[in-house]
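Enquirer: coordinates only, sequence not included:
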């Protein structure tokens, strides 16, 4: 008998179910699993005093999928946080109006390119404040120094170069339905392919979004593989597995 031991790695692709669009690579996925739950209906054996099982019927209850993603791209954040995103290109921001308070961060509309020049003035642009005396430049804005000349509740203008960034609006959509394709490699058989297609996958929200820690962040999502009623007789309505001989 041939050896079909399996130790898997590979790539996961997703696209919105039924969309005329490319399958997008998810990125680095450390765990992908399918689990099938059964509903078992048992008829007890009442013909003997010792009992036992006279008959049983097994029906598929649910087919579940779990996935751990390690690339916190805007696409993956959208999938895991039920969000939408927009991309903004790098560029100059002139005289962005903000309200400042001493000993606090004034967050700017865009992340600041700290390698470029930053200018902070009063609202009339008649006074230019001094970096590291009146304020400090940080990636998310400027920090107003207590001993500086900027006063509490003062309107200021900030000119800077904004970095390119993706802005995700979290929890604005309902759960999305995807087609999933797994391009697997069986390392136990010299990298022979194992290809899995799941036709209707509905993913839930991320169980956790770790932002500070000593381990690489992970987006852990789970969901269900739903039946695809368009599949004909003798064909799986859930998923297929192709194993190279």
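Expert: Ah, there it is. Fair warning: this is a prediction, and the values are worked out from it, not measured in the lab.
Enquirer: count of residues packed around residue 216?
Expert: 10 (other C-beta atoms under 10 Å). (C-beta placed from N, C-alpha, C; glycine too.)
Enquirer: Oh, that last question was meant for residue 173, not what I typed.
Expert: Residue 173: 12 neighbours (other C-beta under 10 Å).
Enquirer: Over to residue 110?
Expert: The burial count for residue 110: 20, using other C-beta under 10 Å.
Enquirer: Tell me how far it lies from residue 96.
Expert: Remark: distance between residue 110 and residue 96 (C-beta to C-beta, to the nearest Å) = 9 Å.
Enquirer: Quick check: neighbours shared by the two?
Expert: When C-beta atoms under 8 Å, 6 or more residues apart in numbering defines a contact, no residue borders residue 110 and residue 96 alike.
Enquirer: How about the contacts made by the closest residue in space to residue 195 that isn't next to it in sequence?
Expert: Spatial nearest neighbour of residue 195, excluding adjacent residues (C-beta to C-beta, 6 or more residues apart in numbering): residue 242 at 4.2 Å. Counting by C-beta under 8 Å, 6+ apart, residue 242 makes contact with 193-196.
Enquirer: Give me the secondary structure label for residue 59.
Expert: Three-state assignment for residue 59 (DSSP: H, G, I helix; E, B strand; the rest coil): strand.
Enquirer: For it, give the beta-bridge partners.
Expert: Residue 59 has the following beta-bridge partners by DSSP bridges: residue 39.
Enquirer: Quick one, grab the pLDDT at it.
Expert: Listed pLDDT for residue 59 reads 95.
Enquirer: circling back to that earlier point, out of the contacts of residue 242, which are inside strands?
Expert: Those of the contacts of residue 242 mapping onto strands are 193-196, per DSSP state E.
Enquirer: what sits against residue 81?
Expert: Taking C-beta under 8 Å, 6+ apart as the criterion, residue 81 is in contact with 168, 170-171, 205-206, 209.
Enquirer: Taking those together, which two end up most distant?
Expert: Of all pairs drawn from these, the greatest distance, 13.2 Å, lies between 168 and 205 (C-beta to C-beta).
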